[in-house]
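Peer 1: Need a 3D model of the following:
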Amino acid sequence: MENRWSLVKVITAFTFAHSVTLACSALGWAGVPRPPVEAAIALSIAFAAAEIVRPRRADPDLAIRAPWIMALAFGLLHGFGFGSALREIGLPNTDVFLALAGFNLGVEAGQLIFVALVLALAASLDRLLAVRLPRFRGFAAYGIGSVAAAWFLQRLVAMI
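Peer 2: Numbers count the residues shown, from 1 in each chain. Take a look at the predicted model:
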């Protein structure tokens, strides 16, 4: 049960932070240039993947003790990325807050659907193929981390 509660706290922290910076960025109240924020987002994904496969130590760091804090920080960063993209697309002249809320709810629903699908896939692999979650988690983390590292390098080179 603790793992589920931890997952709820992580998702909630990410969603809250993401919503705040998405709104601030989309409304032009705050912002970060798009190229560096995209590179930082990719780096944050690579960091999260590395945390998944890193061996546990006797003295756990902040990412292990309070993963929701890391999710909050990453949510702030990711919100700026989506907010700048939304600002480029443009918000309607009327019902700006309704459009922003609809966009944000769509993004958050997509995140929740993704988490649910990954958890369902992991449970299915565990039951059907006797593939244990730690092994699946490692393969997924290496795959996601590799793509994120490539994306980071691509964004970094584009800024030079």
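Peer 1: May I have the lowest-mean-pLDDT helix or strand in the chain exported as PDB, CA atoms only?
Peer 2: Lowest mean confidence among the helices and strands of the chain (mean pLDDT, DSSP states H and E): helix 62-65, at a mean of 79. Taking Å, rounded to 0.1, in the frame of the first residue of the first chain, the C-alpha atoms of helix 62-65 are listed here in PDB:
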ATOM      1  CA  LEU A  62      16.200  12.800  -1.500                       C
ATOM      2  CA  ALA A  63      15.000  11.100  -4.700                       C
ATOM      3  CA  ILE A  64      14.400   7.900  -2.700                       C
ATOM      4  CA  ARG A  65      13.200   9.400   0.600                       C
END
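Peer 1: who does the helix or strand that comes right after that helix touch, helix- and strand-wise?
Peer 2: With elements assigned by DSSP states H and E, the helix or strand that comes after helix 62-65 is helix 67-89. Under the contact criterion of 3 or more CB pairs under 8 Å, 6 or more residues apart in numbering; DSSP states H and E, helix 67-89 touches helix 2-26, helix 34-53, helix 62-65, helix 96-128. C-betas here are computed from N, CA, C, even on glycine.
Peer 1: So what touches the third one?
Peer 2: Helix 62-65 has contacts (CB atoms under 8 Å, 6 or more residues apart in numbering) with 51, 56, 69-70.
Peer 1: hang on, the earlier thing: okay, the helices and strands packed on helix 67-89 in TSV with mean neighbour count next?
Peer 2: Formatted as TSV, these follow (neighbours: other CB atoms under 10 Å):
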stretch	mean neighbour count
helix 2-26	17
helix 34-53	18
helix 62-65	12
helix 96-128	13
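Peer 1: Relative to A141, tell me which of the ones you listed wins on proximity.
Peer 2: helix 34-53 (3.9 Å; CB to CB).
Peer 1: Could I have the CA atoms of that closest one written out in CSV?
Peer 2: Extracted C-alpha coordinates of helix 34-53, given in CSV (Å, rounded to 0.1, in the frame of the first residue of the first chain):
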residue,chain,number,x,y,z
ARG,A,34,12.1,26.9,-25.3
PRO,A,35,15.4,25.3,-26.4
PRO,A,36,17.0,25.2,-22.9
VAL,A,37,13.8,24.0,-21.3
GLU,A,38,13.4,21.2,-23.8
ALA,A,39,17.0,20.1,-23.1
ALA,A,40,16.3,20.3,-19.4
ILE,A,41,13.1,18.3,-19.7
ALA,A,42,15.0,15.5,-21.6
LEU,A,43,17.7,15.6,-18.9
SER,A,44,15.1,15.3,-16.1
ILE,A,45,13.7,12.2,-17.8
ALA,A,46,17.1,10.7,-18.1
PHE,A,47,17.7,11.4,-14.4
ALA,A,48,14.5,9.8,-13.4
ALA,A,49,15.3,6.7,-15.5
ALA,A,50,18.8,6.5,-13.9
GLU,A,51,17.2,6.7,-10.5
ILE,A,52,15.1,3.6,-11.3
VAL,A,53,18.0,1.4,-12.2
